[in-house]
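Participant: Could you look at this predicted model? Sequence included:
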Amino acid sequence: MPDGVATPPLEERPLAPEEVGVDLPFTAAEAAAEEGQAVFWIFVVAGLVFLVAGWLLPWFVELTSNGVGFSPQDAVSSAPTGIGTVLVYVIGVAMVANIAGAISDVLAVHWHIGRPWRMERTRAVLALAGAISAFSIWVLIGVYREEDLFGHLSAFASADGAIWMTLTGMLVLALAHGFREQVARHPDQFFAGVFLLFGALVPVIFGNQQATEVLTWAAGAAAVYTLLALGLNVVVGFAGLLDLGYAAFFAIGAYTAGSMASPRHGLHIPFWVIVFVAVAVAALFGAVLGAPTLRLRGDYLAIVTLGFGEIIPNAAQNNLFSQTGGPNGITGIRHPDIFGFNFGQNPRYYYWSLLFVIVLVILAFSNLQRSRLGRAWVAIREDEIAAAATGINTVSTKLLAFAIGASVSGLAGSFYGAQLGVVTPEDFEFAVSVTALTTVVLGGLGSNTGAALGGILVSFIIFWVLPHLQEWMTTVGQTTGITSLGTINYSTYTYIVYGLILISIMLLRPGGLLPSKARKVELQAGHESESLAAVQGVV
């Protein structure tokens with residue numbers, strides 16, 4: 001400081017980044033690059049998990065058994081000969097190189113040992129070669145039955161999910177390392193593209209034995225909760241309005257679609273029209289909820305939304321206006337029929353449709369976040385009084401947040417009711433709102449990709465891991481000789497396990513798995529910073 005100029009007290013001046021112990025970006029590009037780096041690591045970890053799982057599992061199965069032949073690891077250990085062996089070794093080299101590269105990158109980034117991203121192009125080329133080798137093995141053995149590399153296979157044997165998991169893992173790693181700079185510049189767009197590309201392969205990745213169960217989970221839980229998380233992220237993450245009654249809009253969308261697609265009113269409206277009506281009705285109720293609550297903030301707003309979330313299911317339970325069916329709900333909902341193509345009960349069509357919708361929502365919200373409206377939401381979240389003083393119409397801005405968030409929830413509800421063929425009040429209780437809020441916080445408040453990732457992860461834990469925990473632990477007990485592991489009734493510890501998982505993740509990643517940089521600044525710095533506007537791209 002120049003002579004004669006007093007240094008302001010610490011509590012009266014903004015703290016510099018080095019004083020608060022957090023590395024703050026000073027431009028929107030830097031913030032996007034850091035968020036893109038997190039997306040890049042998600043792809044790397046997912047690709048490596050798929051690779052290791054595919055390397056250890058059998059690649060081809062008979063219809064009458066749980067697995068016949070060798071895994072790639074078994075093929076290498078038995079030292080067979082032939083072109084198939086060469087292809088397996090290429091896959092093994094690509095896997096080892098990418099694992100070693102990932103470890104080297106972690107050491108360089110977090111412990112400053114060495115230089116990160118060394119030989120990144122080479123790793124991308126090796127991953128692409130591994131993908132080509134996996135596909136060649138499928139053609140060579142799965143189609144033409146040229147050699148017995150994976151054991152003798154009958155004419156009825158089919159490629160299991162492991163070969164497609166390996167192929168997917170290789171392609172994900174090739175894209176991640178080959179386009180890392182593009183990921184840093186456009187994380188949301190890149191995530192949406194990869195999500196659409198490889199999400200569409202899920203029905204193929206899991207073999208015939210697991211496909212129906214996996215797709216039922218993916219379309220009925222993962223996709224629905226991902227949509228709920230994206231919508232709630234607008235209200236909670238962007239605008240900072242705590243909503244504990246989000247399941248009410250989910251119910252409104254489901255009951256609207258159910259009423260129009262069931263024999264109750266004798267209507268025969270195309271499903272794609274019903275979806276837009278459900279979205280509009282849910283958005284209208286979102287605005288209706290927002291209008292009388294605009295003066296409330298924080299805990300008071302949470303209580304009001306909680307009350308609204310309790311009113312809707314109870315009104316449906318009491319057969320409101322004799323239209324909701326009471327405890328039995330609305331039954332006989334017709335399956336979607338879009339341009340003459342009937343979905344029926346095949347979960348594949350629901351899954352692919354929801355996957356496409358999710359990608360569109362991610363792209364739309366990514367652009368919305370950077371728009372004038374998105375910056376207005378951020379300003380209200382940071383300081384509503386200051387936002388109003390700068391000319392932002394806080395009334396209409398918050399109403400739009402409620403309406404847009406509710407519309408996405410109604411969209412999820414319309415697909416949910418159409419897939420199940422029935423909607424009942426029990427499907428929209430308070431636990432749904434809490435789970436949706438959990439997905440947003442766990443994935444990362446204010447981050448579209450984080451919200452989508454949180455929806456997938458939470459639905460995977462609740463609707464896949466915990467229901468299968470009993471059988472998995474029985475298998476582990478038989479493998480390790482600790483048979484007592486299979487005698488425990490894990491269903492009584494479901495919420496304990498779920499709670500421990502959430503606590504562990506939040507302790508390790510307090511800002512969420514993929515937090516927006518601005519939210520990370522707020523959590524770590526704890527003080528106002530001049531760079532926060534730059535973080536959001538305002539300046």
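Facilitator: Thanks, I have the structure now. Residues are numbered from 1 along each chain as shown.

Participant: so how far is Val61 from Val194?
Facilitator: Look at Val194 and Val61: by Cβ to Cβ, to the nearest Å, they are 28 Å apart. Using the backbone N, CA and C atoms, a C-beta is placed for each residue, glycine as well.

Participant: Dihedrals phi and psi, the closest residue to Gly325 other than its chain neighbours?
Facilitator: In space, and not counting its chain neighbours, Gly325 is closest to Asn319: 6.3 Å by Cβ to Cβ, 6 or more residues apart in numbering. Backbone torsions of Asn319, given as degrees, to the nearest 10, read phi 60, psi 60.

Participant: count of neighbours near Asn319?
Facilitator: 15 (other Cβ atoms under 10 Å).

Participant: how close does it get to Val441?
Facilitator: From Asn319 to Val441 the distance is 35 Å (Cβ to Cβ).

Participant: which residues are contacting stretch 114-127?
Facilitator: For stretch 114-127, contacts defined as Cβ atoms under 8 Å, 6 or more residues apart in numbering pick out 47, 93-94, 97-98, 101, 104-105, 107-109, 170-171, 173-174, 177-178, 180.

Participant: Sort out for me which of those are in helices.
Facilitator: Among the contacts of stretch 114-127, the members falling in helices (DSSP state H) are 47, 93-94, 97-98, 101, 104-105, 107-109, 170-171, 173-174, 177-178, 180.

Participant: Buried ones among the residues you listed?
Facilitator: Among the ones in helices among the contacts of stretch 114-127, those buried by neighbour count (16 or more other Cβ atoms under 10 Å) are 47, 94, 97-98, 101, 104-105, 170-171, 173-174, 177-178, 180.

Participant: Just give me the closest of those residues to Tyr495.
Facilitator: Using Cβ to Cβ, Gly47 is the member of those that sits closest to Tyr495, with 32.1 Å.

Participant: Now for the closest one: which residues touch it?
Facilitator: Contacts of Gly47 by Cβ under 8 Å, 6+ apart are Asn98, Ala127, Thr168, Gly169, Met170, Val172, Leu173, Ala176.

Participant: sorry, back to before: now the buried ones among the ones in helices among the contacts of stretch 114-127 as TSV including distance to Arg372 and pLDDT?
Facilitator: TSV is the format used below for these (distance: Cβ to Cβ, whole Å; pLDDT from 0 to 100):
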residue	distance to Arg372	pLDDT
Gly47	37	92
Ala94	46	95
Ala97	46	94
Asn98	42	95
Gly101	42	94
Ser104	43	93
Asp105	38	91
Met170	42	94
Leu171	38	92
Leu173	38	93
Ala174	38	93
His177	36	91
Gly178	35	90
Arg180	31	86
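
Participant: any weak-confidence spans in the chain?
Facilitator: Scanning the chain with the threshold set as pLDDT under 70 gives 1-36, 62-69, 79-81, 147-153, 156, 205-211, 339-341, 479, 516-539.

Participant: Quick check: Asp243 touching Gly307?
Facilitator: No - with contacts counted by Cβ atoms under 8 Å, Asp243 stays clear of Gly307, the gap being 11.7 Å.

Participant: what sits in contact with each of the two?
Facilitator: Joint contacts of Asp243 and Gly307 (Cβ under 8 Å, 6+ apart) do not exist.

Participant: Have a look at those two and say which one is more surrounded.
Facilitator: More crowded of Asp243 and Gly307, by other Cβ under 10 Å: Asp243, with 34 against 13.

Participant: Assign the more buried one to helix, strand or coil.
Facilitator: coil (DSSP: H, G, I helix; E, B strand; the rest coil).

Participant: Who are the contact partners of it?
Facilitator: Listed by Cβ under 8 Å, 6+ apart, the contact partners of Asp243 are Leu232, Val235, Val236, Leu301, Ala302, Thr305, Phe402, Gly405, Ser433, Leu437.

Participant: Which of those residues sits closest to Pro203?
Facilitator: Leu232 (27.8 Å).

Participant: What are the neighbouring residues in contact with that closest one?
Facilitator: Leu232 sits next to Asp243, Tyr246, Gly405, Ser409, Ala436, Leu437, Thr439, Val440, Ala451 when contact means Cβ under 8 Å, 6+ apart.

Participant: Okay, it and Tyr416: tell me how far apart.
Facilitator: Using Cβ to Cβ, we find Leu232 at a distance of 15 Å from Tyr416.

Participant: before we move on, the earlier item: in helices, which of the contacts of Asp243 appear?
Facilitator: Leu232, Leu301, Ala302, Thr305, Phe402, Gly405, Ser433, Leu437.

Participant: By neighbour count, which of those wins?
Facilitator: Gly405 (29 neighbours).

Participant: Quick check: it touching Ala287?
Facilitator: No - if you go by Cβ under 8 Å, Gly405 and Ala287 don't touch, sitting 10.8 Å apart.

Participant: quick one: buried residues of stretch 302-315?
Facilitator: Ala302, Val304, Thr305, Leu306, Phe308, Gly309, Glu310, Ile312, Pro313, Ala315.

Participant: Go through those and name the one nearest Thr293.
Facilitator: Among those, and counting by Cβ to Cβ, the member closest to Thr293 is Val304, at 4.9 Å.

Participant: Disregarding residues adjacent in the polypeptide, which is nearest to the closest one?
Facilitator: For Val304, ignoring the flanking residues on the chain, the nearest one in space by Cβ to Cβ, 6+ apart is Thr293 at 4.9 Å.

Participant: Please name the residues that touch that neighbour.
Facilitator: Contacts of Thr293 by Cβ under 8 Å, 6+ apart are Leu301, Val304, Thr305.
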